[in-house]
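J.: With the sequence up front, the predicted model follows.
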Number of protein chains: 4
Amino acid sequence: MKTGEQYLESLDDGRKVWFEGELVERIADHPILGQSARLIAEGYDKVYDPTGDHSPFSDVPTDAAGLREHGEFMRDMGVLAHFTYTSIMTLLTVADRIMDSCPEEVERINAFVERARAEDLRIAQCITDAKGHRRVRPGLQEDPDSYLHVVERRDDGVVVRGAKLHITAASLGHELMVIPTKGMKPGEEDYAIACVIPVNAPGVKFVDISYAPRNAELGDFPVSGPESYPESFVILDDVFVPTERIFLDGEVRLASVFAHSLGLWERLGGLSEMADGADLLVGLAQLIAQANGTEGVAHVRDKIDDMIIHATLVRASLEAAITNCHVGDNGAAFPDELYINAGKYHAASNYNMLVQHLHDIAGGSIVTAPSLADLRNPEIGLAVRKYMQANPEFDGEVRLRLFHLIRDLTAHAYGGWRLVSNIQGGGGLYAQKIVTRKWYPIDAAVAKAKELVGVPF
Amino acid sequence: MKTGEQYLESLDDGRKVWFEGELVERIADHPILGQSARLIAEGYDKVYDPTGDHSPFSDVPTDAAGLREHGEFMRDMGVLAHFTYTSIMTLLTVADRIMDSCPEEVERINAFVERARAEDLRIAQCITDAKGHRRVRPGLQEDPDSYLHVVERRDDGVVVRGAKLHITAASLGHELMVIPTKGMKPGEEDYAIACVIPVNAPGVKFVDISYAPRNAELGDFPVSGPESYPESFVILDDVFVPTERIFLDGEVRLASVFAHSLGLWERLGGLSEMADGADLLVGLAQLIAQANGTEGVAHVRDKIDDMIIHATLVRASLEAAITNCHVGDNGAAFPDELYINAGKYHAASNYNMLVQHLHDIAGGSIVTAPSLADLRNPEIGLAVRKYMQANPEFDGEVRLRLFHLIRDLTAHAYGGWRLVSNIQGGGGLYAQKIVTRKWYPIDAAVAKAKELVGVPF
Amino acid sequence: MKTGEQYLESLDDGRKVWFEGELVERIADHPILGQSARLIAEGYDKVYDPTGDHSPFSDVPTDAAGLREHGEFMRDMGVLAHFTYTSIMTLLTVADRIMDSCPEEVERINAFVERARAEDLRIAQCITDAKGHRRVRPGLQEDPDSYLHVVERRDDGVVVRGAKLHITAASLGHELMVIPTKGMKPGEEDYAIACVIPVNAPGVKFVDISYAPRNAELGDFPVSGPESYPESFVILDDVFVPTERIFLDGEVRLASVFAHSLGLWERLGGLSEMADGADLLVGLAQLIAQANGTEGVAHVRDKIDDMIIHATLVRASLEAAITNCHVGDNGAAFPDELYINAGKYHAASNYNMLVQHLHDIAGGSIVTAPSLADLRNPEIGLAVRKYMQANPEFDGEVRLRLFHLIRDLTAHAYGGWRLVSNIQGGGGLYAQKIVTRKWYPIDAAVAKAKELVGVPF
Amino acid sequence: MKTGEQYLESLDDGRKVWFEGELVERIADHPILGQSARLIAEGYDKVYDPTGDHSPFSDVPTDAAGLREHGEFMRDMGVLAHFTYTSIMTLLTVADRIMDSCPEEVERINAFVERARAEDLRIAQCITDAKGHRRVRPGLQEDPDSYLHVVERRDDGVVVRGAKLHITAASLGHELMVIPTKGMKPGEEDYAIACVIPVNAPGVKFVDISYAPRNAELGDFPVSGPESYPESFVILDDVFVPTERIFLDGEVRLASVFAHSLGLWERLGGLSEMADGADLLVGLAQLIAQANGTEGVAHVRDKIDDMIIHATLVRASLEAAITNCHVGDNGAAFPDELYINAGKYHAASNYNMLVQHLHDIAGGSIVTAPSLADLRNPEIGLAVRKYMQANPEFDGEVRLRLFHLIRDLTAHAYGGWRLVSNIQGGGGLYAQKIVTRKWYPIDAAVAKAKELVGVPF
């Protein structure tokens, strides 16, 4: 297992990272990426156990209770817990599903997982390609690199070219788990490639951006000020991948197994976060209503009730998914697809109701409240505090900070990132509908309807 | 245990039932109530076991598995299963909750439950009062009978007056479980009355109505044609209740315990039915889309997906409620209030989406398709069959019957009854919001928000 | 102009009408169709003017003020006003649009319209075909009669075969305006047929159904009891149509002109009705809330507000459509397509919110209130009246009747008919989306967005 | 009339403005406020006419055509057009409404309006107070300054104390129009104060914040980069107001006239902006769908249709409000309150649907797309452009810029400001419901329902 210090040192491995047009000299020294790296380092330190053989980040639950417990652990570890766990669980789920057809690849997967656990690596899941024209197959794009593909085959491996988009914190990990973004068809063998690539492999380039606030007063951003992670646009510019790091090469009919396996774990993580996130917004709505003195007003009460019911439904679908989990042949438990996907869709497509209700309950000060810097100014600070107070039981500063907190979560750069990520995480609302449909027992529902028709058919 | 025959005989006990302005001579001979009675008789026969000591209708689950299993049984038994089960479970839940303060009443409850199980009685839960002006307390109404109350006290019991509304099939049972419709306050002691009353007690009058179709061709109503139950408007006109049948008398602070206990079981039943009902509507949407030849059309597919997601969320909340059930001191398991109520609210308030989508997918023939009688007519029958056919894989008659089935379930008298009952069952949407709010762990949500504010308060 | 008496006599013309499997001997004597016929007769009498040369039903507005005024007139005349007006306006709109390409047909149209106005005829618009498999073109259906088509050509006319569905009151009019249900393609010339056919032409058969209540106590159905109209399933079994009655024959590229023209007027009528209907439901919600004593309760107030806002938006789209009307070359004004269609979509897709709110506000008595027959019964009538009273300012009978009114409008056969018709009238929700899209100035919207991109493209 | 230059000079009048804790030396030199000031200066120059006697900003429409035309003008002038126009129209509306009771004040209003037009002043409407505990009347607050009030009366005027919140660009105008935030009651005479105050009056302090982006690459924010306006938190610290600047003092029953008059004009401006804004988001959805290659995908098409229908409904309510405008005794036309408010409510409460659909259609690159700075970098720029291209008809740079534009409008600081402002502008969703209710003809709706009940009452 690694310490935080060891992790920070491991970043100086020659990786190439750009941030807003500039090549980053040393990640730990970068004003924005450095902060993200230190947060990850803290995660290492929190669970460091000199006698342990692997990090709890890569524990593998084997039943409903284990899934529940590991969920709790990940919640305490924060957003980035999913970073590595999801990659490892995805690989184990894949291994379970392709065991019969690709025994050799399964061995390579297992070897990699073992090493990753032993060396306590952070692994980014790289799935989404640039994709080119959305209605054109990967193999027929005007630019053949729109989907990552093999451009050269050598005795000891392959050379790949393409880009992977929306990869949270990829530039801060050690390995890239690169998998096809969807199923491939005969003729698209070069696109049916899955492998792991070290972040410092020649040809790998990261273009990072971040929702981290740039305002002078970081205190006005209580969540994203101290904690933010970059999104990487990963360019794979003729990168060589040795054979032992290849998990799929040319087997088009298996390409979608990787995406489906990742989807399952991403959506579990996503659903957990959305359940917790919904509770948080309920709590904020209740707090700001109290601070305003409106928590007893009927329409405010009614809106909080709507939020509560939403939060409970999201939680119920998570509960149902875990309770009805399935165990693969390799012993790893995975949540029920139907409940996970229906819950994720519901949570994502109603998230904006939570935000709207919170904005309606809180009031315009979300976007007009003075800065904490104004509060500290001797000439106006007292007046700001005085006039920001509403319900006298809540100090003006507390209410001011509540507004900044709400803005940060829902109405500024980080809030916008959440708004978009909730919808797009795991593949967009439509993708979630399709997966839900796939798992719903429609035949049973149809049979039930048929019974009532009155004549056999 | 009773046979169906014994049940039908037990109805000739002098009870007074009116139907659309006429006193009913003999229930079994009444064209509409007689049919309902025979359906209940069939329920008796289905589970009759000459060696059994009680009906499975009055089994008491003691854990999550038991709740699940009993739910399955009730689903097979149909709507009226809840009739007796809910009353008994309500009384047991009440007994568990008032054990300390009212040991004598608990004994009476237990004695009644024992007798009811031994004699295999059907018991209607009578809760909703006439209620008078909704913003006026029971004790302050212009008409003091707006809420059922004690009008006379005797040594051996009390005399009550009032009415109970919306009591499904009350006129077809043996006993009325009469409980306060809500909490009472000091000064309203006469309104804090709960008891059981035989249906043929002097002063009890039933005014029944029914959604049963009156059309000549009952085949056009495949669900409500063969199966319907009346709603009773129960008038209690100075009815004497002996002491041993009284479970609450004057203890105002306990009045709401009865309503809450009933609410829990009513909502469990309601949620189960809505989960099954949602699946049925999904099945119908899929079938009629196939029969129309539109099951592959994008917007139809999308609407069915919406229905699937709704059905799955409702099912998830039922799953979560059962998985997180609680067991009372008397050993009876009861589902989690939070999930039950949030699920019920969601199911009821989105039921109209299911209906709208189904109507949109099916088409106008829901309300314009010819009768089955037309199909049998030699001059026009062939043309009706011919022009009712759409997708050639579905016979015109099957499609015609599908439209009638959809109309019966969603766009005729029974459909209207469902539309209203889904919302009002267990007390209206607002009541469900209040109960959900009551059980949601808002303090934990607030604590979570507080942590992020940045200063203690 | 005709009197009501003359109209009733005109029905005895040998037309063939079946109702629930039976051939109707004489319409005026039929228990259900006879009532509908008498209602139409009353409409004749209301506007009868012995000196007039045509009925106001067939007036042709020429500007926004005229459209508004004629809308008022039609509202007073009730549902069936649209019966004839829509057909005539459709034909005039068509005439305006095909004037250049089909001068001869335009002459025939004008001649027919003139005669229809002179003889004060009622004309049913027959558009929807049986349609067969929805994903198969008219000309490729397994059953070639799935869409009405020409099966024989003679010197003096054509013979047509097929069926027209969902034709309100077709069996009670004088003429059928038969038009293609959608655009046709080369090769489908036989399907590009529009004409007028007398209801008693040999081969025309009507199969009628009706939402009219069959319950003994018609007073329980205050709207549909006294007023109902049948829906005809019109079979055209090798019907001969003489040349002068043919308005389109084989010009496939003009087939859709008829449907679009009808759609415009149907949607205007539909939108007007929905605007009035929304106001009515608001009024009912307010009244029943008052009768319950809940009109001041916050969540009730809030729901009525939602209904008010909906009703106002629907009215606003009607206002915008009329204000922005267009005038054709023949002088007839027609409303703006964009606003009509967007308004119609919005009204139809949110109608179920109105119903749900009304059900939630009113309470379960919508489907459980005793019959008016019970109210008249001397033994129980007083108790029914007493316990149906809530707010003492509203007599129990009034409240009882309010519940029946709400049930009739929203939760019984007629309510179901409305629920479906609102969605399907003018072609289903999806069709309204497509038409709205067609008329929305998307290029202007795109241009606006382009301006902000920062680089030209 | 003023030139832009003259306007910029007029800002150096000693006003006291703080920005994020710092006193602003000279507004024109401030990195953020200076930009806003120059934008306003450009507005002056655009309409400058050396021979004109007043700016078109303060034209007064007198009929529907005038309202429509002035709306067009204001749209071209941008957000800040409302700045002065709304204040002047509010004062004229007030003057019309209090003419009888306060002739002297009306004279002062007219004199001020004349001077403001002559000197081409910019006037900020200052309405919202700090408000303290929301459930406590202004006169009963723990802190009496929670609502602005008179703290001293002198022969030649009054001294006021309090704060006004959410005042867009107040620090960049010349005058503050200060009015009560709501109706006052007897005993609250000191709170019934309306007046105009110069921005540099002693005791006036502005605490400004801004959604202006602080990122290094302003090109990533194509809307808010070049154009942003501050929100002022206006502290009125014992400010003296001479008598001729007082428009209301102590007449509690007239206090709400000001708020209602302002509300009307604010909502007109708000509704216009939302109608235009909705069209813009439709245009963006269409463009990004084309750039992605998905504009023909059914669910994308369907979502754009939803957006189109929403945009059309918002436009319809604006059309209906203008068409049904009313003209006051002083000749000024004002839009219909009912349509304005219902439209505003609908637009605001469904705005998040527009945003969600746009996010769903566009994809995750909204928040993960590289910076324009990366595009210019020689090492990665080509790859960024290459992989940002989807549909080959759209250059990668165009698509990249589209993502930044969408982020700026909907998912970053400015987007958050819009999200909140749409809901809160004109007083929060609930306030808009109340005003709509006030203007809806509920009596007519109730009368319509009563007619159908069957008995008079």
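T.: Sure thing, it's come through. Numbers count the residues shown, from 1 in each chain, chains lettered A, B, ... in the order given.
J.: in which helix or strand would I find residue A:417?
T.: Assigned by DSSP states H and E, residue A:417 falls within helix A:413-424.
J.: Pull out the buried residues from whichever helix or strand comes after that helix.
T.: Per DSSP H and E, the first helix or strand lying C-terminal to helix A:413-424 is helix A:428-439. Using 16 or more other C-beta atoms under 10 Å in any protein chain shown as the test for burial, helix A:428-439 gives A:428, A:429, A:430, A:431, A:432, A:433, A:435, A:436, A:437, A:439. No exception for glycine: its C-beta is placed from N, CA and C like everyone else's.
J.: and residue A:18, that's in a strand?
T.: Yes. Under DSSP: H, G, I helix; E, B strand; the rest coil, residue A:18 sits within a strand.
J.: Which residue, neighbours along the chain excluded, lies closest to it?
T.: Closest residue to residue A:18 apart from its sequence neighbours, by C-beta to C-beta, 6 or more residues apart in numbering or on different chains: residue A:207 at 4.9 Å.
J.: Same check on residue A:272?
T.: Setting aside the residues directly before and after it, residue A:272 is nearest to residue A:71 in space (C-beta to C-beta, 6+ apart), at 5.4 Å.
J.: Report the distance from the helix holding residue A:417 to the chain centre.
T.: Its chain's C-alpha centre and that of helix A:413-424 lie 11 Å apart, by C-alpha atoms, centre = their mean, to the nearest Å.
J.: The least confident helix or strand in chain A by mean pLDDT - contacts with which helices or strands?
T.: Lowest by mean pLDDT, DSSP states H and E among the helices and strands of chain A is helix A:81-98, with a mean of 85. Applying 3 or more C-beta pairs under 8 Å, 6 or more residues apart in numbering or on different chains; DSSP states H and E, we find helix A:81-98 packed against helix A:64-77, helix A:103-119, strand A:123-126, strand A:175-178, helix A:255-292.
J.: Send me that helix as PDB with only the CA atoms.
T.: Extracted C-alpha coordinates of helix A:81-98, given in PDB (Å, rounded to 0.1, in the frame of the first residue of the first chain):
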ATOM      1  CA  ALA A  81     -13.300   6.400  -4.400                       C
ATOM      2  CA  HIS A  82     -15.000   5.300  -7.500                       C
ATOM      3  CA  PHE A  83     -11.900   6.200  -9.500                       C
ATOM      4  CA  THR A  84     -10.100   2.900  -8.900                       C
ATOM      5  CA  TYR A  85     -12.900   0.700  -7.500                       C
ATOM      6  CA  THR A  86     -15.000   1.000 -10.600                       C
ATOM      7  CA  SER A  87     -12.200   0.100 -12.800                       C
ATOM      8  CA  ILE A  88     -11.300  -3.000 -10.800                       C
ATOM      9  CA  MET A  89     -14.900  -4.100 -10.400                       C
ATOM     10  CA  THR A  90     -15.400  -3.600 -14.200                       C
ATOM     11  CA  LEU A  91     -12.500  -5.800 -15.000                       C
ATOM     12  CA  LEU A  92     -13.700  -8.500 -12.600                       C
ATOM     13  CA  THR A  93     -17.200  -8.400 -14.100                       C
ATOM     14  CA  VAL A  94     -15.700  -8.600 -17.600                       C
ATOM     15  CA  ALA A  95     -13.500 -11.500 -16.500                       C
ATOM     16  CA  ASP A  96     -16.600 -13.300 -15.300                       C
ATOM     17  CA  ARG A  97     -18.400 -12.800 -18.500                       C
ATOM     18  CA  ILE A  98     -15.700 -13.700 -21.000                       C
END
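J.: now that helix and helix A:103-119, what's the angle there?
T.: Interaxial angle of helix A:81-98 relative to helix A:103-119 (axes from the mean of the first three to the mean of the last three C-alpha atoms, to 10 degrees): 160 degrees.
J.: Which residues outside the helix holding residue A:417 are in contact with it?
T.: With C-beta atoms under 8 Å, 6 or more residues apart in numbering or on different chains as the test, helix A:413-424 has contacts from A:166, A:211-213, A:221, A:223-224, A:228, A:270, A:274, A:277, A:347-349, A:351-352, A:355, A:407-410, A:429, D:355-356, D:359-360, D:363-364, D:366-367, D:407, D:410-413, D:415-416.
J.: Output that helix as CSV - backbone C-alpha positions only.
T.: Below are the C-alpha coordinates for helix A:413-424, written out as CSV (Å, rounded to 0.1, in the frame of the first residue of the first chain):
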residue,chain,number,x,y,z
ALA,A,413,-19.1,26.3,-12.2
TYR,A,414,-19.3,23.3,-10.0
GLY,A,415,-23.1,23.4,-9.9
GLY,A,416,-23.1,23.4,-13.7
TRP,A,417,-20.7,20.5,-13.7
ARG,A,418,-23.1,18.5,-11.5
LEU,A,419,-26.1,19.5,-13.6
VAL,A,420,-24.5,18.1,-16.7
SER,A,421,-22.7,15.1,-15.0
ASN,A,422,-25.9,13.9,-13.4
ILE,A,423,-27.5,13.6,-16.8
GLN,A,424,-24.5,12.4,-18.8
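J.: contacting residues around the residue of the stretch 51-200 of chain A found nearest chain B?
T.: For the stretch 51-200 of chain A, the residue closest to chain B is residue A:64, as judged by C-beta to the nearest C-beta, at 9.1 Å. By C-beta under 8 Å, 6+ apart, residue A:64 lies in contact with A:322, A:323, A:325, A:333.
J.: for residue A:209, same thing?
T.: Contacts for residue A:209 (C-beta under 8 Å, 6+ apart) come out as A:19, A:20, A:230, A:231, A:233, D:368, D:369, D:370, D:371.
J.: Which ones among those lie within helices?
T.: Counting by DSSP state H, the part of the contacts of residue A:209 found in helices is residue D:368.
J.: Most neighbours among the contacts of residue A:209, which one is it?
T.: Highest neighbour count within the contacts of residue A:209, by other C-beta atoms under 10 Å in any protein chain shown: residue D:370, with 31 neighbours.
J.: quick one: that one from residue D:394, how far?
T.: For residue D:370, the distance to residue D:394 equals 16 Å [C-beta to C-beta, to the nearest Å].
J.: Thanks a lot, see you next time.
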